[in-house]
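1. The amino acid sequence is not available; the structure is as follows:
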């Protein structure tokens, strides 16, 4: 078994910033209402002809590579965690081509807001079994393309962004991906989904039906209850397996969904609020991008330092949730 370490990270967001006042011109809401219930003040949206998740993923990936002066040809694998590809067959191969990582295998991973956690775990398995040495993982989403702007329950929440990390093989004693815990409850998939709906009529004599994907649909109350009950249990189970206590944790980094969820999870774990890493107010819910986006910002601001223990948890559509415990080595 080999160890695995995160050796670099980068992030990217679109230029267009939309604040709550502008949202209130679209639907009946207000800045005060949104901030009080979500903690979100503004979010970034991708605009422009032919702009897609690939552009954000490329920018984040290049920043991570440039920080350590790594040639893209050194990459063995690229995992793109996204639920908003610009091609239903996947977008990872387009990122691979755009960054010039011709030697890397590339594939998409779809797990919505838990995507980056699953990408870390997936990359670590490839490294620890000796298959690959250098892996680029990216969490990127452009959910603005799937928002119903007349639905104030969802249109206030989401933003676009991307974050990337490079995970590299290391000696086993230097392993920094300490452990993980993952779960799925498919019976509740419809609490947060983008469903496919067939037309009610066939298009030809063969009686074949076609349809299209709908907008984001979310049962906010159920998602809240799910997150504040399942996430603390996942974190506790993961820490117990590693023989770590809450006191050993330097930082809590949760998927940036809602300020109330972040605080409720921290309270249930008896983790002080100053240990919560959050940039939710500036970017909203960026799905798979939210964790690496917040992690990169915390690193750039010298908020986290070498040897810090970071508990990372993602949760969302599926319903999926999971925890990974990291020792920071950058």
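-> Good, I have the coordinates. Not measured: the values here are computed from a predicted model.
2. So for residue 57, what's the nearest residue that isn't a sequence neighbour?
-> Leaving aside its chain neighbours, residue 57 sits nearest to residue 140 (4.2 Å; criterion: Cβ to Cβ, 6 or more residues apart in numbering). (C-beta placed from N, C-alpha, C; glycine too.)
3. nope, residue 55 is what I meant
-> Distance criterion Cβ to Cβ, 6+ apart; nearest residue to residue 55, sequence neighbours excluded, is residue 46 at 7.5 Å.
4. That neighbour: what's it in contact with?
-> By Cβ atoms under 8 Å, 6 or more residues apart in numbering, the residues touching residue 46 are 14, 16, 52-53, 55-56, 142, 144-145, 160.
5. and of these, the nearest to residue 79?
-> residue 53 (14.0 Å; Cβ to Cβ).
6. Quick check: residue 178 touching residue 239?
-> No: using Cβ atoms under 8 Å, residue 178 is not in contact with residue 239; the gap is 9.6 Å.
7. Now do the shared contacts for the two.
-> Counting by Cβ under 8 Å, 6+ apart, the shared contacts of residue 178 and residue 239 are residue 325.
8. What residues does the closest residue to residue 99 other than its chain neighbours make contact with?
-> Closest residue to residue 99 apart from its sequence neighbours, by Cβ to Cβ, 6+ apart: residue 72 at 4.8 Å. Neighbouring residues of residue 72 by Cβ under 8 Å, 6+ apart: 65, 99-102, 104.
9. Can you check the pLDDT for residue 72?
-> For residue 72, the model assigns a pLDDT of 98.
10. what are the phi and psi values for it?
-> Here is the backbone geometry of residue 72 (degrees, to the nearest 10): phi -50, psi -20.
11. How much space separates it from residue 194?
-> 31 Å (Cβ to Cβ, to the nearest Å).
12. one step back: so between residue 178 and residue 239, which is more surrounded?
-> Using other Cβ atoms under 10 Å as the criterion, residue 178 and residue 239 rank with residue 239 on top: 22 against 19.
13. That one and residue 311 touch, don't they?
-> Yes: between residue 239 and residue 311 there is a contact under Cβ under 8 Å: 7.2 Å.
14. any common contacting residues for these two?
-> In contact with both residue 239 and residue 311: 249, 325, using Cβ under 8 Å, 6+ apart.
15. show me the contacts for the residue nearest to the spatial centre of the chain.
-> Residue closest to the average C-alpha location in the chain (Cα atoms, centre = their mean): residue 288, at 2.0 Å. Shown in contact with residue 288 (Cβ under 8 Å, 6+ apart): 81-83, 111-116, 119, 139-141, 314.
16. phi, psi of it?
-> phi -60, psi -20.
17. That one and residue 119, how far apart?
-> Look at residue 288 and residue 119: by Cβ to Cβ, they are 8 Å apart.
18. Same check on residue 6?
-> Distance from residue 6 to residue 119, by Cβ to Cβ: 11 Å.
19. now swap in residue 261 and tell me
-> Taking Cβ to Cβ, one finds residue 261 at 21 Å from residue 119.
20. Could you check which of those two is surrounded by more residues?
-> Remark: of residue 261 and residue 119, residue 119 carries more neighbours, 29 against 22, as counted by other Cβ under 10 Å.
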